[in-house]
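Student: need coordinates for the following:
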Amino acid sequence: MAPKVLVVLTSYGEILDSAGKPIQKTGWYLPEFAHPYDVLSPKCEIIVASPKGGTAPLDPNSLQPWIKDDSSSANFFNNKKSLWEYTSKVSDFLGRVDEFDALFYPGGHGPMFDLATDKDSIALVNQFWAKGKVVAAVCHGPAAFVNVTLPNGENIMKGKEVSAFSNAEEDSVGMSKYMPFMLEDKINEKGAIYQKALPWAPCVRVAGKLITGQNPNSAKGVGEAIATALGV
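Tutor: The predicted structure follows:
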């Protein structure tokens, strides 16, 4: 039987300023789902969830230049819309971890605003971890781990090599001032051993069952690391 991977996308689609005025659309980032999907889908069953269920917003800023220059992203956008337009709720999967082999969080700025604090997502990560399942994320996806406290009282990332979107990358896209926290700083605060490459260079870290990647160009490598961990 093929391994089953639960992919959790953000439900957060619009960044607001301090007065509640919309600044720009956001969501999950196209290649960060497309590239791992291409690696995993021939070998695994992929199920998709989000905090609210229904359509998980795709960050429009991730369409260009990826659709133009990246065949994986273009094919995924054109042919796989049902994956993100009909997601189940994260809460539907609580208590069902035995049905799955891995949990994966793509990035985009959205996870910084909902998955970082979503109680159901935090509980889901804890349940996967307790069962010794693979838990993975890329770019801003590791925001889903910053408030995951294990039964021993420690953050899931403590003492582990972890990569995620860097401060330098956040600064370079002009989004630092809009973020609720800086992901690199928060990961360090949680006692992880934060790892990064130069901005936009691939960086993937495997710490036992915890797999993380730095940026969109790390997404394929994260997918490959998940496949290796699953033995497929």
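Student: residues in contact with Met157?
Tutor: Taking CB atoms under 8 Å, 6 or more residues apart in numbering as the criterion, Met157 is in contact with Pro142, Phe145, Val146, Val148, Ile187, Lys190, Gly191, Ala192, Leu210. In this view, the C-beta of every residue, glycine as well, is placed from N, C-alpha and C.
Student: neighbour count added to those residues, as TSV?
Tutor: TSV is the format used below for those (neighbours: other CB atoms under 10 Å):
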residue	neighbour count
Pro142	31
Phe145	29
Val146	23
Val148	20
Ile187	26
Lys190	21
Gly191	13
Ala192	27
Leu210	21
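Student: looking at these, which are in strands?
Tutor: Among the contacts of Met157, the members falling in strands are Leu210 (criterion: DSSP state E).
Student: want to throw the contacts of Met157 into JSON lines with pLDDT and distance to Lys25?
Tutor: Putting the contacts of Met157 into JSON lines (pLDDT from 0 to 100; distance: CB to CB, whole Å) gives the following:
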{"residue": "Pro142", "pLDDT": "98", "distance to Lys25": "22"}
{"residue": "Phe145", "pLDDT": "98", "distance to Lys25": "25"}
{"residue": "Val146", "pLDDT": "98", "distance to Lys25": "23"}
{"residue": "Val148", "pLDDT": "98", "distance to Lys25": "27"}
{"residue": "Ile187", "pLDDT": "98", "distance to Lys25": "26"}
{"residue": "Lys190", "pLDDT": "98", "distance to Lys25": "29"}
{"residue": "Gly191", "pLDDT": "98", "distance to Lys25": "34"}
{"residue": "Ala192", "pLDDT": "98", "distance to Lys25": "30"}
{"residue": "Leu210", "pLDDT": "98", "distance to Lys25": "30"}
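Student: nearest to Ala130, of the contacts of Met157?
Tutor: Taking CB to CB as the measure, Ala130 lies nearest Val148 of these, at 11.2 Å.
Student: isn't the closest one up against Val125?
Tutor: Yes: with contact defined as CB atoms under 8 Å, Val148 reaches Val125; the gap is 4.7 Å.
Student: can you show me the helices along this structure?
Tutor: In the chain, the helices defined using DSSP state H lie at 30-40, 66-69, 71-79, 81-85, 119-130, 167-172, 183-189, 219-230.
Student: looking at the ones you listed, which is closest to Asn155?
Tutor: helix 183-189 (8.9 Å).
Student: how about the helices of the chain, which one is nearest Arg205?
Tutor: Closest approach to Arg205 among the helices of the chain is made by helix 219-230 (8.7 Å; CB to CB).
Student: mind listing residues that contact the closest one?
Tutor: 3, 5, 31-40, 43-44, 72, 101-102, 104, 106, 134, 136-139, 202, 204, 206, 209, 211-213.
Student: run the chain-centre distance for it.
Tutor: Centre-to-centre, helix 219-230 and its host chain are 13 Å apart (CA atoms, centre = their mean, to the nearest Å).
Student: having no further points to raise, I will conclude here.
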